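Peer 1: the amino acid sequence is not available; the structure is as follows:
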């Protein structure tokens with residue numbers, strides 16, 4: 001592993017280190033190797049796995065986000081060594097983002113906003129009794145995306161930080177417009193419906209206290225709405241309430257194969273046939289992860305939209321569902337949390 005890191009470091013594009021001397025590069029490489037050795041310590045690995053388990057548990061509970069999980073675990077880090085605390089909190093965040101895909105696949109309710117595209121396709125496999133395949137592909141995709149985003153951060157941190165610092169108000173407006181356009185593109189065949197959803201989302205986002213003047217907007221005299229509406233409760237309501245009504249109206253809802261998860265083992269053919277999709281998703285996740293305030297939510301929807309555009313089959317056959325399920329989970333380990 002140290003030899004691999006050394007080769008990647010010295011054969012990286014020179015533009016990344018244009019502002020660093022060779023001595024500084026050597027110092028940074030030494031720090032990276034030192035951090036790697038500290039990470040491989042048994043106690044540090046134990047705390048990292050503990051944080052990953054706790055984060056996955058929080059993410060699997062609808063209403064709890066990765067940020068909430070980190071906030072809950074921060075007090076425990078005060079009595080820990082700095083390296084162990086950092087690894088534990090990193091594991092909590094990554095596990096929280098990944099854990100949101102579990103309820104999205106099993107019950108069709110995303111645990112986190114980034115898991116919404118997974119709920120669209122993953123729950124279809126659960127209904128067909130292939131929840132294990134969906135969970136296995138989701139786990140592999142999340143691990144692959146997290147690994148390559150960490151490699152990108154390791155090798156290109158100076159360049160990525162310089163790009164992120166140049167994002168100002170005009171760029172933020174363009175990012176917001178880009179997000180709205182992604183919503184409209186996802187509403188294929190019904191552009192008016194997509195634009196209506198964008199308008200209603202913007203209207204809901206204006207609820208609460210005005211950040212400039214402090215005047216309450218659209219609170220209807222209810223003090224509970226002064227702080228506005230959080231993203232996670234709104235997402236849970238949007239996805240869970242229709243699912244509840246569907247289960248009440250569906251006569252055969254009791255026979256849904258929720259209890260038969262099945263094997264999580266994947267066939268090598270399923271992975272090799274989606275190599276181009278994995279690469280595209282990783283690049284999307286890294287590119288959007290550089291942008292401040294974008295995060296895994298935007299990256300997941302953009303990746304899902306690109307998967308639908310690349311698909312030549314409109315009806316979701318098994319392989320198409322598998323392919324599109326793998327893409328939203330690629331960019332769920334984003335860069336801006338570190339940058």
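Peer 2: In hand now; what should we look at? Since this is a predicted model, take the numbers as computed values, not measurements.

Peer 1: residue 71: neighbouring residues, count only.
Peer 2: 11 (other Cβ atoms under 10 Å). Placement of C-beta: from N, CA and C, glycine included.

Peer 1: my bad, should have said residue 191
Peer 2: 11.

Peer 1: flag every buried residue along stretch 213-222.
Peer 2: 216, 219 (16 or more other Cβ atoms under 10 Å).

Peer 1: list the contacts for the closest residue to residue 218 other than its chain neighbours?
Peer 2: Nearest non-adjacent residue to residue 218, counting by Cβ to Cβ, 6 or more residues apart in numbering: residue 207, 4.5 Å away. Residues near residue 207 by Cβ atoms under 8 Å, 6 or more residues apart in numbering: 217-219, 225, 228-229.

Peer 1: can you mark which positions in stretch 33-47 are buried?
Peer 2: Those would be 44, 47, for stretch 33-47 by 16+ other Cβ under 10 Å.

Peer 1: show me how far that stretch is from its chain's centre.
Peer 2: 25 Å (Cα atoms, centre = their mean, to the nearest Å).

Peer 1: same check on stretch 121-128?
Peer 2: Using Cα atoms, centre = their mean, the offset of stretch 121-128 from its chain centre is 20 Å.

Peer 1: the single longest helix found in the chain: what's the following helix or strand?
Peer 2: Using DSSP state H, we find that the single longest helix of the chain is helix 131-165. Toward the C-terminus, helix 131-165 is succeeded by helix 169-186 as the next helix or strand (DSSP states H and E).

Peer 1: and the next helix or strand after that next one, what's buried?
Peer 2: Downstream of helix 169-186, the next assigned helix or strand under DSSP H and E is helix 191-205. Within helix 191-205, the residues scored as buried using 16+ other Cβ under 10 Å are 194, 197-198.

Peer 1: got the angle between helix 191-205 and helix 169-186?
Peer 2: Counting by axes from the mean of the first three to the mean of the last three Cα atoms, to 10 degrees, helix 191-205 points 130 degrees away from the direction of helix 169-186.

Peer 1: after helix 191-205 comes which helix or strand?
Peer 2: Heading C-terminal from helix 191-205 (DSSP H and E), you reach strand 208-209.

Peer 1: follow-up on the earlier one: inside strands: which ones of the contacts of residue 207?
Peer 2: residue 217 (DSSP state E).

Peer 1: follow-up on the earlier one: tell me which of the buried residues of helix 191-205 is nearest to residue 244?
Peer 2: residue 197 (20.5 Å; Cβ to Cβ).

Peer 1: against which helices or strands is the helix or strand hosting residue 121 packed?
Peer 2: Secondary structure assignment for residue 121, by DSSP H and E: helix 116-127. Under the contact criterion of 3 or more Cβ pairs under 8 Å, 6 or more residues apart in numbering; DSSP states H and E, helix 116-127 touches helix 101-106, helix 131-165, helix 231-249, helix 295-310, helix 318-326.

Peer 1: and these: which comes nearest residue 177?
Peer 2: helix 295-310 (12.1 Å).

Peer 1: buried stuff in the closest one?
Peer 2: For helix 295-310, by 16+ other Cβ under 10 Å, it's 295-308.

Peer 1: need the three-state assignment for residue 129.
Peer 2: At residue 129 the chain is in coil, as set by DSSP: H, G, I helix; E, B strand; the rest coil.

Peer 1: what's the answer for residue 109, then?
Peer 2: Per three-state DSSP, the secondary structure class of residue 109 is coil.

Peer 1: you'd agree it is up against residue 122?
Peer 2: No: using Cβ atoms under 8 Å, residue 109 is not in contact with residue 122, being 11.2 Å away.

Peer 1: please identify which of the two sits among more neighbours.
Peer 2: The neighbour comparison of residue 109 against residue 122 (other Cβ under 10 Å) goes to residue 122, with 30 against 24.
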